[in-house]
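Chemist: Sharing a model prediction with you, sequence too.
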Amino acid sequence: MTELVFISGKGGTGKTTVTLGYLMACGAGAVVDADTDASNLPVALCPSRSWGEDVYGNEKAVVDASLCTRCGRCAEVCRYDAIPHPGEVCEASCEGCGVCALVCPEDAITFVPHVCGQACAGTTAYGTLYYAAMEPGEEGTGLIVSRLRRRAREGSPDSPIVIDGPPGLGCPVIASLSGADAAVIVTEPTVSGQSDLARVAELCMAMDLRFGVCVNRHDINPAITGAIRTWCADRDIPYIGQVPYCPALAAAAATGDAGRCVQTEAWPDLRAVCEAAEALTHAAGHP
Ligand code: SF4
Ligand code: SF4
């Protein structure tokens, strides 16, 4: 079993499109959509759902009205403005920090578990997809990503797993990269793309993870694409390829008809990137 992660450092670089290309070009036993706040793979792959489990976020404060004297101490100390009136908690705003319970003179405040979404799996034409369905207003966590990855490993113990990572550098990204065999940073030739590439590359190095770089929509700014290639070469970071701007490719990834990726003009370059990503994963020491 190998685990390859596609990350970007920023949103909108085409990471999900490259992940889909990898599924078409190289195949995988399972794919994990670790971008739990904005899961796009369920849209592209139309899974037939086979599993779902509640996932829990921070506990929420609850006031026992029979004990509450409406003294107002809880509302004074809540830093999240989650108690607009003494003894009345707004569930959506409560972060479960526990301060209100500490100051309540009547011990009227307790905490209850809070379901923030579901961890799901479904069969697709390209392997089993593991993804999260978050409730409105809820955000994904590294814990949910770890749970999805663990479930994918259990479901496909002998098959490659590919992970569409979340943007940014926070806990969900670290949960996506931790213990993986290799990562591919999908970036774009913009100033912000360069900046985020440097930051996420630093994270990969800190985690001692083998990684390569590919540039999506490389032809929208050849000068910056060239600068990224040079940046990689100067640091001995594998530059595994580039994909041209291709509206048809983006449309295939966004419309539930992922198989059309292979019919686009960008497909030969995308396939080459994905094959290089596969080689990178195997070079990390796995068969
Ligand atoms: S601190 Fe306790 S008693 Fe006072 S208003 Fe809040 S819940 Fe009620
Ligand atoms: S647990 Fe924290 S966020 Fe929630 S109501 Fe109490 S003080 Fe506010």
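Modeler: Perfect, thanks for sending it. Ligands and ions are numbered 1, 2, ... in the order given.
Chemist: ok so residue 195 is a helix residue?
Modeler: Yes - with DSSP: H, G, I helix; E, B strand; the rest coil as the criterion, residue 195 is located in a helix.
Chemist: What is the burial count for it?
Modeler: 13 (other C-beta atoms under 10 Å). All C-beta atoms are positioned from the backbone trio N, CA, C, and that covers glycine.
Chemist: what does the one 4 residues further on give?
Modeler: As a burial measure, the neighbour count of residue 199 was computed by other C-beta under 10 Å and equals 12.
Chemist: Kindly report the same for residue 59.
Modeler: Neighbours of residue 59 under the rule other C-beta under 10 Å: 16.
Chemist: same thing with residue 117?
Modeler: 22.
Chemist: ok, now residue 91?
Modeler: Count around residue 91 with other C-beta under 10 Å applied: 11.
Chemist: got it, and residue 69?
Modeler: What residue 69 shows, counting by other C-beta under 10 Å, is a neighbour count of 12.
Chemist: do residue 18 as well
Modeler: Using other C-beta under 10 Å: residue 18 sits among 25 other residues.
Chemist: quick one, phi/psi of the nearest residue in space to it that is not next to it in sequence?
Modeler: Excluding the flanking residues, the one nearest residue 18 by C-beta to C-beta, 6 or more residues apart in numbering is residue 186, at 5.0 Å. The phi and psi values for residue 186, taken as degrees, to the nearest 10, are phi -100, psi 120.
Chemist: Pull the contacting residues for residue 213.
Modeler: 184, 185, 187, 197, 201, 228, 232, 237, 238, 239, 240 (C-beta atoms under 8 Å, 6 or more residues apart in numbering).
Chemist: Check residue 258 too.
Modeler: 20, 23, 24, 44, 45, 126, 252.
Chemist: What separation is there between it and ligand 1?
Modeler: Counting by C-beta to the nearest ligand atom, to the nearest Å, the gap from residue 258 to ligand 1 is 52 Å.
Chemist: Show the pLDDT at residue 286.
Modeler: Looking at residue 286, its pLDDT reads 46.
Chemist: Also residue 42?
Modeler: 91.
Chemist: Was I right to think it contacts residue 130?
Modeler: No - taking contacts as C-beta atoms under 8 Å, residue 42 lies outside contact range of residue 130: 10.2 Å.
Chemist: Now list whatever residues contact both of these two.
Modeler: By C-beta under 8 Å, 6+ apart, residue 42 and residue 130 have these common neighbours: residue 33.
Chemist: So which bits of the stretch 1-150 of the chain are right by ligand 1?
Modeler: Listed as neighbours of ligand 1 in the stretch 1-150 of the chain under the rule C-beta under 6 Å from any ligand atom: 63, 68-74, 86-87, 104, 106, 108-109.
Chemist: Can you pick out the ones from those that are in strands?
Modeler: If you go by DSSP state E, those have 63, 109 in strands.
Chemist: what's stretch 78-95 in contact with?
Modeler: Contacts of stretch 78-95 (C-beta under 8 Å, 6+ apart): 58, 60-63, 65, 68, 70-72, 74-75, 97, 99-100, 108, 114, 137.
Chemist: what about 6 Å?
Modeler: Stretch 78-95 is contacted from outside by 58, 60, 61, 63, 68, 70, 72, 74, 75, 100, using C-beta atoms under 6 Å, 6 or more residues apart in numbering.
Chemist: so where does the last one fall, helix or strand?
Modeler: Read it as residue 100. helix 99-103 (DSSP states H and E).
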